[in-house]
Structures are given as structure tokens and as C-alpha cells.
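*Asks:* attaching a predicted model along with its sequence, questions to come.
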Amino acid sequence: MKVNAVFEGGGVKAIGLAGAVKAVEDQNIVFNQVAGTSSGAIVASLIAAGYTSQELKELVMSTPFSSVVKKTWVHRVIYLGPGVRVFFKKGLYSGDPLEEWIDHKLKLKGVETFGDLNQNQLRIIASDITRGRILVLPDDIRQYGINPNQLSISKAIRMSTAIPFYFDPIKLKKNHDKQTYYIVDGGILSNYPLWLFDKEARKRGVQSKIPTLGFRLIGKHTNVPRKIIGPISMFQALFSTMMDAHDEKFIEDHKRFNTIQIPTLGVRTTDFKISNEECNRLFESGYRAAEKYISNWSYSEYLKYYEQYLEYF
């Protein structure tokens with residue numbers, strides 16, 4: 001059976017998404033079109049490029065997540081250094097390491113731009129905070145005079161994962177336009193774009209014959225208080241709180257029927273120093289959650305709720 005899939009963002013917690021993907025594939029379910037926000041966009045892009053669930057697991061377990069937050073000499077200047085970087089770069093860390101990592105992994109599968117995939121096979125959510133608009137990439141990149149097929153997938157992921165003030169935003173300009181447009185994490189406007197595929201089907205006046213499954217990260221974070229000793233640590237606490245808040249939201253009844261809820265076991269969005277043991281626990285949490293969901297899922301039940309679900313768009 002084929003499904004369209006939507007993956008929620010959640011930083012390091014996306015390890016749980018990889019576990020859920022394995023459980024779904026173990027049930028002989030094939031991914032058709034995929035979409036995601038932030039780290040969910042990373043998972044979606046790897047699936048679209050042809051990575052299997054087993055390869056995803058090996059990738060997750062072998063990746064030092066701390067490598068995406070490389071410190072430079074500026075960070076070593078106590079108190080002043082990080083603040084100076086945020087002031088000039090608009091972020092604590094460069095997004096280059098993450099972009100280079102995902103670009104390398106995609107190229108191993110012969111994929112670089114959206115033009116290397118089938119049309120609409122992959123959609124990535126980002127936020128234009130200059131105009132206050134959600135961006136569905138690659139199509140919306142036309143607004144900046146860029147051909148969607150020529151857009152680098154790794155660049156789109158960098159846009160979608162640019163947590164405000166944590167990673168540098170992407171700056172875009174239109175032809176003959178002096179205005180600079182700042183693009184940041186898609187989670188600001190839509191961290192869980194479950195609406196995407198079915199809304200498009202409704203616009204065409206048809207019912208989607210391929211069901212949509214959502215993969216969402218849930219669960220309260222630990223009660224260990226964050227240590228705030230200055231503006232930078234306050235920013236870091238703000239980032240994590242802002243992104244983790246998505247986990248505390250109530251999942252409405254009209255979304256629950258096609259949402260796989262993955263407990264995140266207290267792991268926070270920016271826990272880039274996560275241990276191998278925690279990685280394994282989070283991966284298994286995703287696997288068990290999806291396995292339980294699929295065992296109770298049926299296409300007839302999906303159709304039963306489908307029309308009611310579309311009423312919200």
C-alpha cells in the first residue's frame with residue numbers, strides 16, 4: 001500500500017521519526033509523496049532520495065549530532081563572543097555544517113536538486129519572516145526569481161531548520177529588489193503540515209485515493225530546569241522552549257485518526273549531545289508507536305473520517 005507522509009519538526013527528536021519509518025516499511029507500506037518541517041524535512045528528503053528505513057537507522061546511529069553546532073573562535077570569547085555573532089550573523093551557529101552533511105548524503109543517492117525527484121515527491125516547509133509568510137518549497141521559491149527544479153534540496157532544508165537566533169537565517173533577494181528576505185525554521189508557522197496533501201486534493205475537486213499519515217513527536221520534556229546565566233543561555237532556553245511547545249499542544253480529534261504519535265522520552269529539540277543509548281531509546285520509541293498504530297489502522301476507517309477532516313480547510 002502507498003501512503004503520503006508528513007513529518008513534524010523537532011530537532012534531535014527526529015530520531016524517533018526514523019524509528020517510525022522503519023515500523024511502517026516493515027508492514028510493506030510504501031511512501032509516495034513526503035513532506036516535512038525542520039528536522040522532519042531531513043527525514044522526508046532522505047526517504048524521497050531513496051534511503052531505506054535500515055539505512056536511516058544506520059545513518060542516525062553513526063551521526064555525531066554535535067557536529068552541526070560547530071564553535072569557532074568567536075564562541076570562545078566568554079559572554080561577548082556569542083552575542084557579537086548573533087548581532088552580526090543573526091544566529092549563534094552557522095548552518096553550513098548541516099547543509100554540507102545533508103548535501104553529501106543526498107548525493108550518495110544521486111540526488112541534489114528538486115529536479116532530480118518526481119514532481120511533488122518532496123515538499124519542505126520554511127518561514128519568510130520578512131513578509132510573515134509560510135513557504136512550501138520548492139514551488140514557492142519562484143517568488144524570489146529562482147527555478148524550483150534548480151533549488152538545492154540541502155539549501156531548502158537549511159532554510160527549514162534555521163531555528164531563529166540559533167542558526168543563521170537564509171537571506172534571499174529578488175531581481176532588482178533591494179529588500180532582503182530572511183528565511184527561517186518552518187516550525188514558526190507550520191511545524192506539522194498535515195494539511196498539505198489533502199488540501200491540494202480538495203483544490204482539484206477530488207478525493208485523495210492515497211491516504212496521508214502524519215508522524216508527530218509528543219511528550220513532555222524533563223523537569224530539569226535550564227541554567228540561565230546570561231543573554232545567550234536565555235536565548236538557548238527560549239529556542240528550546242519555543243520548539244518543545246509543539247509537543248504540548250493538544251492533537252485535535254480531526255487530526256488524530258491519521259497521526260502516529262511518537263513519545264520523545266524527555267529529549268529536547270536542541271540536545272545535540274545526545275548519547276547513543278538515548279538515540280536507541282528514541283528510535284525504539286518511534287518504532288513501537290508506529291507499529292501499534294499500523295496494527296489498528298484500516299483504509300475503511302481512514303475514509304470514514306476523511307470528509308470530516310477536510311472540512312477544516
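*Replies:* Structure received. Predicted, not measured: the structure shown is a model, and the values here were computed from it.

*Asks:* switch to C-alpha atoms for all contacts and neighbour counts from now on
*Replies:* Noted.

*Asks:* I102 touches A156, doesn't it?
*Replies:* No. Applying Cα atoms under 8 Å, one finds I102 not in contact with A156, separated by 10.6 Å.

*Asks:* who has more neighbours, the two?
*Replies:* The neighbour comparison of I102 against A156 (other Cα atoms under 10 Å) goes to A156, with 26 against 20.

*Asks:* next SSE after the one helix or strand the more buried one maps to?
*Replies:* Assigned by DSSP states H and E, A156 falls within helix 153-160. Following helix 153-160 in sequence order, the next helix or strand is strand 165-167 (DSSP H and E).

*Asks:* so what does that next one touch, helix or strand wise?
*Replies:* On a contact count with 3 or more Cα pairs under 8 Å, 6 or more residues apart in numbering; DSSP states H and E, strand 165-167 meets strand 91-93, helix 231-248.

*Asks:* can you do 7 Å?
*Replies:* On a contact count with 3 or more Cα pairs under 7 Å, 6 or more residues apart in numbering; DSSP states H and E, strand 165-167 meets strand 91-93.

*Asks:* pLDDT of the helix or strand following the strand it packs on, averaged?
*Replies:* Proceeding C-terminally, strand 91-93 gives way to helix 96-107 as the next helix or strand, assigned by DSSP H and E. The average of the pLDDT scores along helix 96-107 is 93.

*Asks:* could you do stretch 59-78 as well?
*Replies:* For stretch 59-78, the per-residue pLDDT averages 65.

*Asks:* and for stretch 284-292?
*Replies:* 95.

*Asks:* return the set of buried residues in that stretch.
*Replies:* Using 16 or more other Cα atoms under 10 Å as the test for burial, stretch 284-292 gives E284, S285, G286, Y287, R288, A289, A290, E291.

*Asks:* got any ranges where the protein has weak pLDDT?
*Replies:* Within the chain, the segments meeting pLDDT under 70 span 63-89, 200-208, 220-256, 269-272, 307-313.

*Asks:* from the buried residues of stretch 284-292, which land in helices?
*Replies:* The helices, defined by DSSP state H, take in E284, S285, G286, Y287, R288, A289, A290, E291 from the buried residues of stretch 284-292.

*Asks:* which residues does the fourth one contact?
*Replies:* For Y287, the contacting residues are G19, A20, K22, A23, by Cα atoms under 7 Å, 6 or more residues apart in numbering.

*Asks:* buried ones among these?
*Replies:* G19, A20, K22, A23.

*Asks:* between the residues you listed, which sits nearest F31?
*Replies:* Comparing the buried ones among the contacts of Y287 against F31 with Cα to Cα picks out K22 as the nearest, at 11.5 Å.

*Asks:* name the SS class of that closest one, please.
*Replies:* Secondary structure assignment for K22 (DSSP: H, G, I helix; E, B strand; the rest coil): helix.

*Asks:* that one and V111, how far apart?
*Replies:* K22 is 22 Å from V111, where distance means Cα to Cα, to the nearest Å.

*Asks:* same question, K273
*Replies:* Taking Cα to Cα, one finds K273 at 29 Å from V111.

*Asks:* who has more neighbours, these two?
*Replies:* V111 (21 against 12).

*Asks:* which residues in this protein form helices?
*Replies:* For the chain, applying DSSP H gives helices covering 15-26, 39-49, 53-62, 80-89, 96-107, 153-160, 187-190, 196-203, 231-248, 253-256, 276-295, 299-310.

*Asks:* run the angle between the first one and helix 276-295 for me.
*Replies:* So the one you mean is helix 15-26. Orientation note: helix 15-26 sits at an angle of 40 degrees relative to helix 276-295 (axes from the mean of the first three to the mean of the last three Cα atoms, to 10 degrees).

*Asks:* does anything pack onto helix 15-26? Which helices or strands?
*Replies:* Under the contact definition 3+ Cα pairs under 7 Å, 6+ apart, helix 15-26 sits against helix 53-62, helix 276-295.

*Asks:* can you list contacts of that helix?
*Replies:* Contact with helix 15-26 is made by 53-54, 56-57, 60, 215, 262, 264, 279, 282-287, 289-291, as judged by Cα under 7 Å, 6+ apart.
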